[in-house]
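Trainee: Sequence plus the predicted model coming up.
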Amino acid sequence: MTALAFGGHALIKYETTPGPVGAVASSWPSVSVVPRQTEKPTLLMFAHPHCPCSRASIGELAQIMAHAVGKVNAYVLFVRPENAEAGWDDTDLRSSAAAIPGVIVLTDENGKEAARFGAKTSGHTIVFGSDGVLLFSGGITGSRGHAGSNAGENLVLAALNKQTLERARTPVFGCSLTKRPTMAEGKVCSK
């Protein structure tokens, strides 16, 4: 019974412990390979192609895009480490993101864009207004690997519908984007 209680506590702690977030700029960086359009907001999601937690984030992104048709330019950037073998980032997660109408999937070579935008955890979603000002930064799941209505998803939709946000940040639940040895080995990422 003690082992079950300890195991359950450890699992709950893992699921509800957010990942790190870097310094997110309050406006669009002057240098980026991601094209920012000025006629509508731009949404960026940074993801590790082998992160099982990010399946829920991609699912939530699909929900957001279904409610925000034509209101946002959306990109999912999959981090690909330097010297990764060919096809390392061709995963079902990447295919799922590419299947979402209105989403453009890009490769983030060696995580340069993730670092530029302050993303350190897979699933980190950032929304900039058409003027390049940060509207939202955070996760769009309520905990690690769990889909369903949550504050991040609701805040993104509010931002895209030009509503006043009660807050502009939420915790990000996912695997590390920056653990290069784990990524280079092609193993499933961990906290």
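Mentor: That came through, no problem. Predicted, not measured: the structure shown is a model, and the values here were computed from it.

Trainee: And residue 43, which helix or strand is it part of?
Mentor: Using DSSP states H and E, residue 43 falls within strand 42-47.

Trainee: and the most centrally placed residue in the chain, how far is that from residue 42?
Mentor: The chain has residue 123 as the residue nearest its centroid, 2.3 Å off, counting by CA atoms, centre = their mean. Distance of residue 123 to residue 42, given as CB to CB, to the nearest Å: 17 Å. Yep, even glycine has a C-beta here, placed from its N, CA and C like the rest.

Trainee: Then residue 168?
Mentor: 15 Å.

Trainee: Compare those two (neighbour count), which wins?
Mentor: Neighbours of residue 168 and residue 42, each counted by other CB atoms under 10 Å, are more numerous for residue 42; the result is 21 against 15.

Trainee: which residues sit in contact with that one?
Mentor: Shown in contact with residue 42 (CB atoms under 8 Å, 6 or more residues apart in numbering): 28, 34, 36, 72-75, 127-128, 130.

Trainee: Filter those down to the ones in strands?
Mentor: Among the contacts of residue 42, the ones falling in strands (DSSP state E) are 73-75, 127-128.

Trainee: Just name the closest of these to residue 109, please.
Mentor: Proximity of these to residue 109 (CB to CB) peaks at residue 75, which lies at 14.5 Å.

Trainee: does that closest one really touch residue 108, like I thought?
Mentor: No: counting by CB atoms under 8 Å, residue 75 stays clear of residue 108, with 9.8 Å between them.

Trainee: Looking at those two, which is more packed in?
Mentor: The residue with more neighbours, out of residue 75 and residue 108, is residue 108; 26 against 21, by other CB under 10 Å.

Trainee: Dump the ones in strands among the contacts of residue 42 into TSV; add distance to residue 60 as well.
Mentor: Shown next, in TSV, are the ones in strands among the contacts of residue 42 (distance: CB to CB, whole Å):
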residue	distance to residue 60
73	18
74	12
75	15
127	13
128	19
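
Trainee: can I get the residues you listed in TSV with distance to residue 161 and pLDDT?
Mentor: Below are the ones in strands among the contacts of residue 42 laid out as TSV (distance: CB to CB, whole Å; pLDDT from 0 to 100):
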residue	distance to residue 161	pLDDT
73	16	96
74	15	97
75	20	98
127	12	97
128	16	96
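
Trainee: where do the strands sit along this structure?
Mentor: 42-47, 73-80, 103-109, 124-128, 134-138.

Trainee: Please tell me how far the fourth one is from the chain's geometric centre.
Mentor: So that's strand 124-128. 8 Å (CA atoms, centre = their mean, to the nearest Å).

Trainee: for the first one, same thing?
Mentor: Averaged C-alpha coordinates place strand 42-47 at 6 Å from its chain's average position (CA atoms, centre = their mean).

Trainee: Put the alpha carbons of that strand into PDB.
Mentor: C-alpha atoms of strand 42-47 as PDB (Å, rounded to 0.1, in the frame of the first residue of the first chain):
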ATOM      1  CA  THR A  42       1.100  34.700 -35.300                       C
ATOM      2  CA  LEU A  43       1.100  31.600 -33.200                       C
ATOM      3  CA  LEU A  44       4.300  29.500 -32.600                       C
ATOM      4  CA  MET A  45       4.500  26.200 -30.900                       C
ATOM      5  CA  PHE A  46       7.800  24.600 -30.200                       C
ATOM      6  CA  ALA A  47       7.900  20.800 -29.900                       C
END
